[in-house]
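# sequence first, predicted coordinates after that:
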There are 2 protein chains.
Amino acid sequence: MGHKDGNQIRIKDIATKAGCSIGTVDRVIHNRGKVSEPVKKRILEIIRELDYKPNVNARVLASKRPLTLGILLPSFRKGEYWELPNLGIKEAIERYDEQGYKINAIHLTYNSPEMFYKAGMKLLANDIDGIIMNPATFKESVTLVRSFFQNNKPFILIDSDINGIPSLSFIGKDPVQSGLTVAKLSHQITKHIPGKKNIWIINLSKRKNQIYALLARESGFMKYFSDKQLQNDYSMITFDIEDHSSQKMLDEHIEKLLSQGIPNAIYVTGSRVYKIANSLKKLNLDQGPLLIGHDLIEENIAGVKDESIDFLIEEEAKRQGYLAVETMIRSIVYKEKIEKKQMMNLLIYTKENMPSYLLKQG
Amino acid sequence: MGHKDGNQIRIKDIATKAGCSIGTVDRVIHNRGKVSEPVKKRILEIIRELDYKPNVNARVLASKRPLTLGILLPSFRKGEYWELPNLGIKEAIERYDEQGYKINAIHLTYNSPEMFYKAGMKLLANDIDGIIMNPATFKESVTLVRSFFQNNKPFILIDSDINGIPSLSFIGKDPVQSGLTVAKLSHQITKHIPGKKNIWIINLSKRKNQIYALLARESGFMKYFSDKQLQNDYSMITFDIEDHSSQKMLDEHIEKLLSQGIPNAIYVTGSRVYKIANSLKKLNLDQGPLLIGHDLIEENIAGVKDESIDFLIEEEAKRQGYLAVETMIRSIVYKEKIEKKQMMNLLIYTKENMPSYLLKQG
DNA sequence: AGGAAATTTGTGTGCGCACACACACCTTGT
DNA sequence: ACAAGGTGTGTGTGCGCACACAAATTTCCT
């Protein structure tokens, strides 16, 4: 009769079995105060043996300690990609707040590697339980993470990974797979067009070469066609358009490119397909190219709605943020073991399967 | 100073404000025991005014009452569609179990309208807090639901809805939208084929006309082509194959059909595309038709993996079950207000975006 | 040996709630 | 008038845990 029925193991049951008081067990569980080695060992053994799982409700109810999270993500304007993970983070915090958790978040943003590093160090100065961040560049990330590690602050990487970094977890996507998926769609849809097909890959980014995801998507896309030995049927051209700040200039740019001939498909690797869609709309082509891009930001959704964008791929950007907060809580509060990588699903959206709640807000 | 900080309203705060004891407030909240009208009214007013939200953790911790759910779904064998919602239900129960909830589930299955009705009535005989079910046929559902209603048992419909039935919530899909999505893919992929395109719609079901979802998918599919005025470019043929129990017979059937000419695309409206895929594989066509179907059951996943199936659409079957349990708990335990309809997303799967954990198990 | 200090262990309180119980106050009927 | 039965209300206990505090035990030093 170790414990009461319902095979719910309690601290009290452990204490009884170990022949000590619940206070001692408590100390072992929380690693606070001093417990003699033999007793500690014995208790840990019993905990494992009985597969003790703390009662979450009781724990949250009794604990007054708030959880403080540092959030370190790229800065963004309304309607831009990074709004989505942030939204997920916000929703998660709200939800856990309702559940009785006290969660403080310190949000810092960056728009350069230096700011990234500085902000990260600033987070360390605060009394923080864990960090959710998107790594800017390899060099800065590594040095920053070293400090996190020395100060024993767990951190989660979201959206893009840096290999070999000892994060609590990586939550994000596989950009190569993204590229492959876009390639599959492009291939299927264009394969019956007679003759050699032309596909453009457009990057709208000031620093494409620093953004791994963009490069990886592009190479995934290429990989598909080379794996299938389609080089003779398809010709690819990549355009890096660094300055897309003015839609008018972009329009002209695109028009000039198109004057050489209209491609069969265009793949925009970043999140700004809608800009290309807008440019194309103005040209009033009777048979426009297949247009595929990424991410469920508002203007892209509108583009899918009016069919100026054919397909949108997304990697559950919002859910990444949500999961990051949830994972932190699972690790810190519940002390659960966390999977090293949590890969998001790759969702294909087109007008017909766009959730109605998304279509309406546009 | 109504209550303590952290603006967490407690029963005690309500009691203080109402000038009574927590016992009385408790009685009002749970509608048990007798409370004089004026006091009751006053307390309810204060509850609304303060926007009191019970502390879930404390509630679960203190409550010993188990939650008993009746589950009434079609019977199934391993690898069939209904395994997925059931899996979701199981996962949800396990998860809430871990969280300290005590949940009993009474599972009953049916494979005929009569069994459906009988099983439903049997559930009523047990002491059940709520019911999760998939309605078999209109007539039986209506009479059954009447009994549920009279006995004040809340019920959730999953997968398919019956209009005008006062369910707590409907959790499922929009089959017309499914059909539209498949049509979009089919159209996009075949549109560049010269001449008139042939598409087959295949139903593998013994009682297609009784299953609304199948009919609705088919009509959604048709609707797309008629909305876009594509009647001249496309010809559709529907094949209802009632007996598909033997793969060999099916193979012969398909071979015979194909001897008249190979279609450009085949859409299988049920969950058994893999059977068609298997038949096609044996024929070794050098240019097989585009093959699209539904649902992430094991054999379909394998088909996508070896590219004998091109696309799979799914409506988050597993999540439907999960959400049903969660919704029941939210309603009964938390007394939250529930959305009348919870529509699932429509996911498009192909080899390239199939989650790796699904590919591996095949 | 005899304390003081350090180490180890035990006890008590409260988190917010559900629920059983006790209590007070009214009706009735005899 | 007194018991018996409502009707309305207040109090106490415990759920499993965290955490502050008290107590017991050992170690060390003169």
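Right, received. Where do you want to start?

# and residue A:145, how far is that from chain B?
Using Cβ to the nearest Cβ, to the nearest Å, residue A:145 is found at 26 Å from chain B. Every residue, glycine included, has its C-beta placed from N, CA and C.

# contact partners for that residue?
A:155, A:165-167 (Cβ atoms under 8 Å, 6 or more residues apart in numbering or on different chains).

# mind running it again at 7 Å?
A:155, A:165 (Cβ atoms under 7 Å, 6 or more residues apart in numbering or on different chains).

# so it is in which element?
Residue A:145 is part of helix A:138-150 when elements are defined by DSSP states H and E.

# helices of chain A, start to end?
Secondary structure of chain A by DSSP state H: the helices cover A:11-18, A:22-30, A:37-50, A:56-62, A:83-98, A:113-125, A:138-150, A:175-190, A:212-227, A:247-258, A:273-283, A:298-305, A:317-332, A:356-361.

# on that earlier part again, by how many degrees do the helix holding residue A:145 and helix A:113-125 diverge?
10 degrees (axes from the mean of the first three to the mean of the last three Cα atoms, to 10 degrees).

# ok, the residue nearest to residue A:178 when sequence neighbours are not counted - how many residues close by?
Spatially, and ignoring its direct neighbours in sequence, residue A:178 is nearest to residue A:217 (5.1 Å; Cβ to Cβ, 6 or more residues apart in numbering or on different chains). Around residue A:217 there are 30 other residues, counting by other Cβ atoms under 10 Å in any protein chain shown.

# circling back: any idea of the angle the helix holding residue A:145 forms with helix A:212-227?
Using the same axes, to 10 degrees: helix A:138-150 against helix A:212-227 is 120 degrees.

# return the distance of helix A:138-150 from the chain's centre.
20 Å (Cα atoms, centre = their mean, to the nearest Å).

# would you mark the buried spots in that helix?
A:140-141, A:144-145, A:148 (16 or more other Cβ atoms under 10 Å in any protein chain shown).

# can you check stretch A:159-170 too?
Buried, per 16+ other Cβ under 10 Å, within stretch A:159-170: A:159-162, A:165, A:167-170.

# just name the shakiest helix or strand of chain A by mean pLDDT.
helix A:356-361 (a mean of 71; mean pLDDT, DSSP states H and E).

# for residue A:260, the count of nearby residues, please.
Residues near residue A:260, counting by other Cβ under 10 Å, number 9.

# same deal with residue A:188?
With other Cβ under 10 Å as criterion, residue A:188 counts 17.

# just give the nearest non-adjacent residue to it, would you?
residue B:189 (4.8 Å).

# residues in contact with the one you found?
With Cβ under 7 Å, 6+ apart, residue B:189 has these contacts: A:188-189, B:290.

# could you dump the residues you listed into TSV with distance to DNA strand D added?
Converted to TSV, the contacts of residue B:189 look like this (distance: Cβ to the nearest atom of the strand, whole Å):
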residue	distance to DNA strand D
A:188	54
A:189	55
B:290	55
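
# nearest to residue B:266 among those residues?
Using Cβ to Cβ, residue B:290 is the member of the contacts of residue B:189 that sits closest to residue B:266, with 7.1 Å.

# now for the spatially closest residue to that closest one that is not a sequence neighbour: which residues touch it?
Once flanking residues are discounted, residue B:290 sits nearest to residue B:265: 4.0 Å by Cβ to Cβ, 6+ apart. By Cβ under 7 Å, 6+ apart, the residues touching residue B:265 are B:186, B:190, B:199, B:289-290.

# beta partners of residue B:265?
residue B:199, residue B:290 (DSSP bridges).

# so residue A:221 is in contact with residue A:178, correct?
No. Applying Cβ atoms under 7 Å as the test, residue A:221 and residue A:178 come out as separate, 8.5 Å apart.

# which of these two has more neighbours?
Taking residue A:221 and residue A:178 together and counting by other Cβ under 10 Å, residue A:221 has the greater number of neighbours (26 against 23).

# spatially nearest residue to that one (excluding sequence neighbours)?
Among residues not flanking residue A:221 along the chain, residue A:179 sits closest, at 3.9 Å (Cβ to Cβ, 6+ apart).

# and the pLDDT at that neighbour?
Per-residue pLDDT puts residue A:179 at 97.

# based on its surroundings, how many neighbours for residue A:49?
Using other Cβ under 10 Å: residue A:49 sits among 11 other residues.

# all set, thanks.
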